[in-house]
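next one to model:
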Amino acid sequence: MKKIYLFLIALFALSAQTWAYDFSYTYQGQTLHYYIVDGNALIIPSDSYTNLTGSLTIPSSVTYNDTTYSVTSIVSYAFEGCSGLTSVTIPNSVTSIGSRAFEDCSGLTTVNFNATNCTSMCNMEFDFPVFYRCTALATLNIGDNVTNIPNYAFYTCSSLTSVTIPNSVTSIGSRAFEGCSGLTTLSIGNSVTSIGSSAFYNCSGLTSVTIPNSVTSIGSYAFSGCSGLTTLSIGNSVTSIGNYAFSDCSGFQEIHSLASVAPTLGENAFSGVTSTIPVYIPCGASNSYYSRWPYFSNFIEGSAVSFSAVSNNNTMGSVQILTMPTCTNPQAVVYAVANSGYQFDHWSDNSTSNPYSLTVNEDMELTAYFSPIGSQPTTYYTITVTTNDAEMGSVSGGGSFAENTTTTITATANSGYHFVQWQDGNTEASRSITVTADAEYTAYFAANGANEYTITVIAQNPSMGTTTGSGTFAYGTATTITAEPYEGYYFVQWNDGNTQRIRTITVTGNATYTAYFDHSNGIDDIAAEEVKVFARGSEIVIEGAENSDALIYDIMGRIVHKGRIESPISVSNAGVYMVKIGGRQPQKVVVR
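Numbering: from 1, shown residues only. Below is the predicted model of the structure:
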């Protein structure tokens with residue numbers, strides 16, 4: 001079947017004509033045609049697609065004759081010339097996209113790429129790229145579950161300006177972003193292990209690239225021709241850099257390599273790069289780099305920690321690093337330079353020294369704060385946010401803040417764990433604090449199921465009704481509690497204000513839920529046949545019981561009216577309602 005499948009893909013690639021299809025399927029207002037191969041659905045070309053406009057979301061599955069098929073392929077030329085499309089979302093089920101699938105989609109500005117494991121996006125040796133001549137394509141959103149960026153995926157998408165490779169991606173294919181000359185910002189996730197040959201060839205708009213510590217190999221010509229690059233940071237796990245990988249990157253001003261053993265270099269890996277630029281390397285690594293990277297002559301052993309200093313507002317001033325920490329001296333010296341009309345205020349660690357000498361023993365970014373000349377000096381305090389166990393969860397919100405500032409600190413639990421409380425007993429995972437002094441907040445997490453909590457469900461007056469749902473439950477358990485009034489009484493609400501008589505709660509700690517009931521004020525002196533209850537539009541009309549009390553609630557037990565019957569009672573939603581007048585049995589009424 002695989003051979004048949006490949007044959008059909010090749011057959012569809014011969015032209016952009018409409019092909020016979022097995023069935024059509026409409027999803028979110030857009031109708032596409034499908035061909036069934038090996039139990040999967042392929043999207044095939046159709047002249048009718050030229051009428052597609054706006055956003056197109058391709059479904060991950062379609063149903064035909066009571067059978068559901070996974071949408072795995074978009075064949076060549078499928079959406080050629082669909083100039084009215086502005087965005088397309090590719091689902092996680094797609095594993096291959098044919099050549100020129102979106103050729104000449106001149107209005108296409110955004111692609112949401114969610115294909116979890118797409119392994120094929122055309123064969124450039126024989127044809128043209130998937131997004132050929134999509135000149136307006138400026139935004140690419142790669143889904144958080146995508147594991148692979150295929151070869152040629154976004155080849156020559158020259159209008160792309162920013163690309164973020166999420167942490168789920170493990171490999172970037174050959175020539176995946178070649179010729180994306182408009183690309184100025186690139187973020188590579190920390191799970192990528194390999195960067196394919198020519199992956200970013202001629203991406204001349206890039207100014208800096210950081211290769212994360214997860215990467216072990218950089219392919220041939222990977223960044224060749226990226227003439228705008230000024231800074232390169234190579235992670236500590238890179239062992240090999242391919243032929244011409246950074247050739248003709250003539251703008252390089254400095255290179256940082258965190259690998260303690262110099263990666264092996266392919267032929268002319270850095271040809272065209274100025275050989276005297278500083279190459280910062282780990283302490284004690286000079287011999288390795290002089291031996292393996294003989295092209296360069298200016299190796300500088302740097303500190304094992306990262307240090308940077310920035311301004312809080314570039315309009316007000318800038319920062320100069322006068323001395324960087326080194327292997328033998330952890331001291332850094334920084335100087336804040338105020339622009340005309342402004343003054344230096346303080347550093348983010350609250351020091352007011354300028355120049356400022358400090359000891360750097362861990363990764364640090366220091367910020368200089370400026371203010372207009374003549375303004376009163378502001379008192380700043382440091383808020384430190386920590387976690388009791390980094391494997392269980394993370395925290396955010398720490399920093400330097402002006403006195404009396406209100407800021408938010410947040411505790412986020414990792415999978416399998418839950419937030420318990422802050423060290424001061426506060427149980428809000430995200431909380432606002434007012435800064436009045438230096439303070440430290442520690443978030444405590446625990447494993448799900450490690451703690452059990454008691455849920456107590458009681459009636460405020462047991463003579464009026466009963467409750468169910470008490471017990472001991474693990475953290476995160478969803479359980480149901482109920483309130484049941486006795487004859488002559490009705491349920492009012494729970495102690496937290498919730499009016500659902502039957503409700504589901506999520507257990508996050510010990511808790512008590514109290515059900516409140518009340519007397520039903522009767523109309524027992526009115527004969528049943530004299531009372532009429534009916535719906536009129538969005539109103540419930542009760543005749544024959546005026547000035548008596550009524551309780552009206554929906555099928556979920558939510559009270560919509562309690563009190564005197566003085567006029568028709570409006571309800572906001574259609575549905576079934578129960579009307580209880582005095583001590584009589586509830587009567588059902590349907591509002592349509």
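
and S48, that one's in a helix?
Yes: counting by DSSP: H, G, I helix; E, B strand; the rest coil, S48 falls inside a helix.

for it, give its distance to Y34.
S48 sits 13 Å away from Y34, going by C-beta to C-beta, to the nearest Å. From N, CA and C alone the C-beta is placed, and that goes for glycine too.

and what of T119?
As judged by C-beta to C-beta, T119 and Y34 stand 21 Å apart.

more crowded one of the two?
Taking other C-beta atoms under 10 Å, T119 and Y34 do not tie; Y34 has more neighbours (21 against 12).

so for that one, what's the pLDDT?
Looking at Y34, its pLDDT reads 94.

neighbouring contacts of stretch 334-346?
Contact with stretch 334-346 is made by 309, 311, 315-322, 347, 352, 354-356, 358, 366, 368-373, 375, 377-378, 380, 400, as judged by C-beta atoms under 8 Å, 6 or more residues apart in numbering.

where does pLDDT dip in the stretch 1-150 of the chain?
Scanning the stretch 1-150 of the chain for pLDDT under 70 picks out the ranges 1-19, 122-127.

so which residues of it form helices?
Along the stretch 1-150 of the chain, counting by DSSP state H, counting those that start in this stretch, helices occupy 2-12.

strands of that one, residue ranges please.
Here the stretch 1-150 of the chain has its strands, by DSSP state E, counting those that start in this stretch, at 23-27, 30-37, 40-43, 54-57, 61-64, 67-74, 85-90, 96-97, 110-113, 120-121, 139-142, 148-149.

the second one pairs with which strands?
What that stands for is strand 30-37. Sheet pairing of strand 30-37 (DSSP bridges) gives strand 23-27 (antiparallel), strand 40-43 (antiparallel).

distance of Q423 from Y35?
Distance from Q423 to Y35, by C-beta to C-beta: 61 Å.

next one: V385
For V385 relative to Y35 (C-beta to C-beta), the value is 55 Å.

can you check I142 too?
According to C-beta to C-beta, I142 and Y35 sit 28 Å apart.

who's more crowded, the two?
Between I142 and Y35, I142 has the larger neighbour count (other C-beta under 10 Å), namely 21 against 18.

bridging residues for the closest residue to that one other than its chain neighbours?
Spatial nearest neighbour of I142, chain neighbours left out: F113 (5.1 Å); criterion: C-beta to C-beta, 6 or more residues apart in numbering. Beta-bridge partners for F113, by DSSP bridges, are I90, I142.

what's the burial count for A515?
The tally of other residues near A515 (other C-beta under 10 Å) stands at 26.

what's the nearest residue to it if we skip its chain neighbours?
Spatial nearest neighbour of A515, excluding adjacent residues (C-beta to C-beta, 6+ apart): A483 at 3.6 Å.

can you check M316 too?
Closest to M316 by C-beta to C-beta, 6+ apart is F370, at 3.6 Å.

next up, the contacts around the one you found.
With C-beta under 8 Å, 6+ apart, F370 has these contacts: S311, N312, N313, M316, G317, A336, A338, N339, Y342, Q343, F344, D345.

which one of those is nearest T508?
Proximity of the contacts of F370 to T508 (C-beta to C-beta) peaks at N312, which lies at 37.8 Å.

can you pull the contacts of S194?
For S194, the contact set (C-beta under 8 Å, 6+ apart) comprises T170, S171, I172, V215, T216, S217, G219.

looking at neighbours, which among those is most surrounded?
Neighbour counts for these (other C-beta under 10 Å) peak at I172, which has 26 neighbours.

beta partners of that one?
Beta bridges link I172 to I149, I195 when assigned by DSSP bridges.

now for the one helix or strand S357 maps to, which elements pack on it?
Element membership for S357 (DSSP states H and E) is strand 356-359. Contacts defined by 3 or more C-beta pairs under 8 Å, 6 or more residues apart in numbering; DSSP states H and E place strand 356-359 against strand 331-338.

about what we covered before: just the buried residues out of the contacts of F370, in ChimeraX syntax.
Buried residues among the contacts of F370 (16 or more other C-beta atoms under 10 Å), as a ChimeraX selection:
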select :311,312,316,317,336,338,342,343,344,345
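
return the member of the contacts of F370 nearest to K588.
For the contacts of F370, the nearest to K588 is N312 (64.5 Å; C-beta to C-beta).

ok, that closest one to S400 distance?
9 Å.

common neighbours of these two, please.
Residues touching both N312 and S400 (C-beta under 8 Å, 6+ apart) are T367, Y369.

coming back round to it: what strands flank the strand holding S357, and is each parallel or antiparallel?
The strands beside strand 356-359 in its sheet (DSSP bridges) come out as strand 331-338 (antiparallel).

after the partner strand, which helix or strand is next? Please name it.
Note on strand 331-338: by DSSP H and E, the next helix or strand toward the C-terminus is strand 342-347.

now do that next one against strand 331-338: the angle between them, please.
Counting by axes from the mean of the first three to the mean of the last three C-alpha atoms, to 10 degrees, strand 342-347 lies at 150 degrees to strand 331-338.

list the contacts for E301?
For E301, the contact set (C-beta under 8 Å, 6+ apart) comprises Y280, I281, P282, C283, G284, A285, S286, T326, C327.

any idea of the pLDDT on the second one?
The score at I281 is 91. That number is its pLDDT.

circling back to that earlier point, would you quantify the distance from the residue nearest to A515 to M578?
15 Å.

of the two, which one has the most company?
Per other C-beta under 10 Å, whichever of A483 and M578 has more neighbours is A483, with 29 against 16.

still on that earlier bit, tell me the one among the contacts of S194 nearest to G497.
T170 (49.0 Å).

pick out the residue nearest the middle of this structure.
Most central in the chain under C-alpha atoms, centre = their mean is D144, positioned 7.2 Å from the mean C-alpha point.

how about the spatially closest residue to it that is not a sequence neighbour, what does it touch?
Residue nearest to D144 in three dimensions, not counting chain neighbours: P166, with 5.1 Å by C-beta to C-beta, 6+ apart. Contacts for P166 (C-beta under 8 Å, 6+ apart) come out as I142, G143, D144, V146, G189.

would you mind measuring from the nearest residue to I373 once chain neighbours are set aside to G374?
Spatial nearest neighbour of I373, excluding adjacent residues (C-beta to C-beta, 6+ apart): Q343 at 5.0 Å. Note on Q343: its distance to G374, by C-beta to C-beta, is 8 Å.

what does V492 give?
Remark: distance between V492 and G374 (C-beta to C-beta) = 61 Å.

quick one: which of these two has more around it?
Set side by side, V492 and G374 show more neighbours around V492, with 19 against 7, by other C-beta under 10 Å.

now do the strand holding S357: distance to the chain's middle.
Chain-centre distance of strand 356-359: 37 Å, with C-alpha atoms, centre = their mean, to the nearest Å.

after that strand, next one along is what?
Note on strand 356-359: by DSSP H and E, the next helix or strand toward the C-terminus is strand 364-372.

okay then, goodbye and thanks.
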